[in-house]
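# the following comprises the amino acid sequence and a computationally predicted model.
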Amino acid sequence: MFFINYMPVILMFAVAAGFAVANVLLSALFGPYRASAAKMEPYECGAHPVGDARKPVVTRFYRVAMLFLLFDVEVALMLPVLTVYRDYAFKWVAFTELFLFMALLVVGYVYIRGRGGLEWD
Amino acid sequence: MIQSFLSAFNNICAVVAQSTPSMNSWLIVSSAIFSIGLYGLLTRRNAVAVLMAVELMLNSAAFNFVIFNHYCKPSTVDGQIMAIFIIAVAAAEVVVGMAIFVALFRYKKTVDVNEMNLLKG
Amino acid sequence: MSSWLQASNWLVMLPEMIIAFFALIILLVAAFTKDSEAPYPESLAITGLALAFISSYYIPEGVGYYGQVAVDSVSRTAFSIAILGGMLVLGVVPSQFGTDTMRSETSALVLFSLCGVGFMVTAQHLIMLFLGIELLSLPLYIMAGMRTRDPRSREAALKYFIVGAFASALMLFGMAIYLGANGDLLMNHFALSFQKNAVPPTLIFFAGWILISTAMLFKLGAVPFHMWVLDVYQGSPSSITAFMTFAPKIAAFFALAKMWPLGSESGLSTPISMMYLLSFLTMTAGNMMALMQRNIKRMLAYSSIAHGGYMLMAFLISGTEGIHALLFYLAVYALMNIGAFTVITLVAPSRDPELSIISLSGLAKTHTYLAVALAICLFSLTGLPPFGGFMAKFFLIKAVLASGNVYIALAAIFNSLLSAYYYLRVVLVMTTREPLAADSDELISPSAGFTSIGLSSRIALAVAIIGVVISGISPDFFARIISL
């Protein structure tokens, strides 16, 4: 059956969706609920939902977004290592290299924190 | 009922899988993306739009890598690895570019590339 | 584990690894110290570069990293030139950036950029070339905008970024086409396709080759692709401009040397006539437009375009002689530009921010030593005999003549004569005109300016000038220093 080939992908979708739904439900059921004016806004991201949509965004948002993008996408470089990992002759070298790569990202993170890149003011 | 749905899905998957387009149609798509990017790069005045146009060009190149890899030498993964590297490096490039734009915006209050006229002989 | 060592042979990348390691250390130190109390990040960076330079003596020549990179004597020498130039530039950086801004970042970025140069000159695979060119360029985009209070610097960064991103997009598209033509991304297909008796390359191969070469020509500012050079060189901090004049050129020239048939070795006439035209256009247009510049940094930008044109002549020479002449030329050219831009860095604070040539008037009276240093660099850039620029041009033109390209050699000689006008005009302004009113309070002693500048930039300037002089007087000795 052709469809069976796609079973892992569909399972992946199911697990991902289930994880998200479960988390939302669990926090709604068991989490404390303390409303405040900022929390009740439709978009809980610091931007005012009413008014001119074309006004410029505060540049501090760009900084956080850029840093997020950087660390988010660099993880893509781990993908090729993982796809060949099982058949690779020097497994431990590849494993070490992955952690070395993580260490490079951590150096970047420490630098950002040290220079106040994530502070809001 | 689920059984019939699954079999219908299976049939669709099989049809799609058998009617794979030729390399030329893929190449036309990627060339079109590249041309749109080039057009945007040459005509847009907002620096962020120029950056988006450059991203289009980079992504069409990544697309081309995957296409050529798939059709010319499916046994290797050179092109696909290259596509992942392009994604990662393009993110770094976007971050640098946006940082430059934000720095410039703070001074000039605009990122219109036609207004960049301080440097001339 | 030992079999992995043999398979990867990662020792060939040791200099790059040392440089990257020191760059990360600088970033970590910067994270835990304030800018004002940073313990001289440049000294850390120069230590790293010195270690990398020494280690490049000892690393084995050969292919490494699963065929991704290959070290030979040419790539090693090219990288050494870049490292030495980087050390001199790092000596100038403190007097450019003062005590409190961005010095750690600048040092780390210079190191990352040099790492990219290393990748590019040793690359054997297009992935490595792509990563190298990005690692070289991204720090340069940032450094162009490093003079934070000056809007011109930010504008230069924007222009450099947009043009650079466009060039790398073109290069990537070309690489994809190359993959389609050859089935893999190894760079030896260039050499194989341009052999004497090889099957003529297909059209699709040519398309990829042209696009990748175009990106390299963008990086070195050859004439149809040179417009960014002026604005970027003018707007960037002067010490960073010194770095920009040689680092991307070294990397792009030796990446291009791996993908371009040298001289008539391919038997095809198209690459030769293209290079003929490119070289002629680049040197002539650069010199013509430099004649009418009033800003000294723009003038030097055009002059660097013209020198790029002379250096492109090396691709008309078959065999290794052209490459060796090119290495010598690049080394001398790096020293001359570092010297000239160091003087500009040092005199800029007391002059007008536009840095017009007229603002250098009377420099010989107010800052005698700096004026002498600038004059030596300008004489050398012209190609006057006792200095290195003459020997560099002499070797290159001799090799071009020996390969039978008489007309382009004549064009280069005429262009050198033409360039004497705009270089020597600066020397005239420095010596014959009276100092501007703003400088008159500095007229205490001939060495007034010299005592007020930092020790490290003094040393860097002295080393650059000594290098320019030695390469002119004893080129063999100089060649031995740079080629290890």
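Alright, I've got the coordinates.
# so which bits of the stretch 101-250 of chain C are right by chain B?
With C-beta under 8 Å from any C-beta of the partner chain as the criterion, the stretch 101-250 of chain C comes near chain B at residues C:126-127, C:130-131, C:134, C:138, C:141-142, C:145, C:148, C:151-152, C:154-159, C:161-162, C:165-166, C:168-170, C:172-173, C:175-177, C:179-180, C:183-185, C:230-231, C:234-235. To be clear about C-beta, it is placed using only N, CA and C from the backbone, and glycine gets the same treatment.
# from those, which land in helices?
Taking DSSP state H, the ones among these that sit in helices are C:126-127, C:130-131, C:134, C:138, C:141-142, C:151-152, C:154-159, C:161-162, C:165-166, C:168-170, C:172-173, C:175-177, C:179-180, C:230-231, C:234-235.
# confidence score at the residue nearest to C:Met259 when sequence neighbours are not counted?
What sits nearest to C:Met259 in space, not counting adjacent residues and going by C-beta to C-beta, 6 or more residues apart in numbering or on different chains, is C:Phe190, at 4.2 Å. If you check C:Phe190, the pLDDT there is 86.
# which SS class is C:Phe190?
Following DSSP: H, G, I helix; E, B strand; the rest coil, the label given to C:Phe190 is helix.
# ok, it to chain B distance?
Computed as C-beta to the nearest C-beta, to the nearest Å, the C:Phe190 to chain B distance reads 16 Å.
# so how many other residues sit close to that residue?
20 (other C-beta atoms under 10 Å in any protein chain shown).
# so it touches C:Trp209, yeah?
Yes - using C-beta atoms under 8 Å, C:Phe190 is in contact with C:Trp209, at 7.0 Å.
# where do the contact lists of those two overlap?
Residues within reach of C:Phe190 and of C:Trp209 at once, by C-beta atoms under 8 Å, 6 or more residues apart in numbering or on different chains, are C:Met259.
# without its sequence neighbours, what residue ends up closest to the residue nearest the centre of chain B?
Against the mean C-alpha coordinate of chain B, by C-alpha atoms, centre = their mean, the closest residue is B:Asn59 at 2.1 Å. In space, and not counting its chain neighbours, B:Asn59 is closest to B:Ile33: 6.7 Å by C-beta to C-beta, 6+ apart.
# the host helix or strand of the one you found to helix C:151-182, inter-axis angle?
Here B:Ile33, judged by DSSP states H and E, is contained in helix B:23-43. With axes from the mean of the first three to the mean of the last three C-alpha atoms, to 10 degrees applied, the angle from helix B:23-43 to helix C:151-182 works out at 170 degrees.
# excluding chain neighbours, what is closest to C:Phe205?
Counting by C-beta to C-beta, 6+ apart, the residue nearest C:Phe205 is C:Ala181, at 4.1 Å.
# distance-wise, check that neighbour relative to chain A.
From C:Ala181 over to chain A (counting by C-beta to the nearest C-beta), the distance is 23 Å.
# okay, now that residue: neighbour count?
C:Ala181 has 20 nearby residues by other C-beta under 10 Å.
# hang on, the earlier thing: of the residues of the stretch 101-250 of chain C next to chain B, buried ones?
By neighbour count, with 16 or more other C-beta atoms under 10 Å in any protein chain shown, those hold C:126-127, C:130-131, C:134, C:138, C:141-142, C:145, C:151-152, C:154-159, C:161-162, C:165-166, C:168-170, C:172-173, C:175-177, C:179-180, C:183-185, C:230-231, C:234-235 as buried.
# in what helix or strand does the closest residue to B:Trp26 other than its chain neighbours lie?
Nearest non-adjacent residue to B:Trp26, counting by C-beta to C-beta, 6+ apart: B:Ile67, 4.5 Å away. In this structure, B:Ile67 sits in helix B:47-72 according to DSSP H and E.
# remind me what the following helix or strand past that helix packs against, helices and strands.
Under the assignment DSSP H and E, the closest C-terminal helix or strand after helix B:47-72 is helix B:78-108. Judged by 3 or more C-beta pairs under 8 Å, 6 or more residues apart in numbering or on different chains; DSSP states H and E, helix B:78-108 is in contact with helix A:59-74, helix A:78-84, helix B:47-72, helix C:126-144, helix C:151-182.
# got CSV for those, with mean pLDDT too?
Formatted as CSV, these follow (pLDDT from 0 to 100):
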stretch, mean pLDDT
helix A:59-74, 85
helix A:78-84, 80
helix B:47-72, 92
helix C:126-144, 94
helix C:151-182, 92
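# format the ones you listed as a markdown table; extra columns: distance to A:Val24.
What follows is the helices and strands packed on helix B:78-108, written out as a markdown table (distance: least, C-beta to C-beta, whole Å):
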| stretch | distance to A:Val24 |
| --- | --- |
| helix A:59-74 | 22 |
| helix A:78-84 | 28 |
| helix B:47-72 | 33 |
| helix C:126-144 | 39 |
| helix C:151-182 | 40 |
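# give me the below-cutoff pLDDT ranges for chain C.
C:1-2, C:35-39, C:98-101, C:349-353, C:436-453, C:484 (pLDDT under 70).
# where exactly do the strands run in it?
Per DSSP state E, chain C carries strands over the ranges C:62-64, C:69-71.
# deepest-packed of those strands, please.
By mean neighbour count, with neighbours taken as mean count of other C-beta atoms under 10 Å in any protein chain shown, strand C:69-71 ranks first of these at a mean of 23.
# who's in contact with C:Pro224?
C:217, C:278, C:281.
# from chain B, how far out is it?
Taking C-beta to the nearest C-beta, one finds C:Pro224 at 16 Å from chain B.
# distance-wise, check that residue relative to chain A.
33 Å.
# what's the distance between the residue nearest in space to the middle of chain A and A:Met12?
Central residue of chain A (C-alpha atoms, centre = their mean): A:Asp72, 6.0 Å from the mean position. To A:Met12, A:Asp72 is 19 Å away according to C-beta to C-beta, to the nearest Å.
# what's around C:Leu417, how many residues?
The number of residues packed around C:Leu417, counting by other C-beta under 10 Å, is 11.
# my error: substitute C:Pro248 in the last question.
C:Pro248 - counted by other C-beta under 10 Å - has 25 other residues nearby.
# which residue sits closest to it, ignoring its sequence neighbours?
With C-beta to C-beta, 6+ apart, the residue lying closest to C:Pro248 is C:Lys219, at 4.7 Å.
# tell me the contacts of the one you found?
Here C:Lys219 is in contact with C:133, C:136-137, C:167, C:248-249, C:251-252 (criterion: C-beta under 8 Å, 6+ apart).
# would it be right to say that A:Ala38 lies in a helix?
No - read with three-state DSSP, A:Ala38 is coil and lies in no helix.
# report pLDDT for it.
In this model, A:Ala38 is scored at 74, pLDDT.
# and the one 4 residues further on, by the same measure?
Reported pLDDT at A:Pro42 in the predicted model: 76.
# can you tell me how far it is from A:Val50?
To A:Val50, A:Pro42 is 9 Å away according to C-beta to C-beta.
# same check, this time on A:Pro8
45 Å.
# I appreciate the help and will end here.
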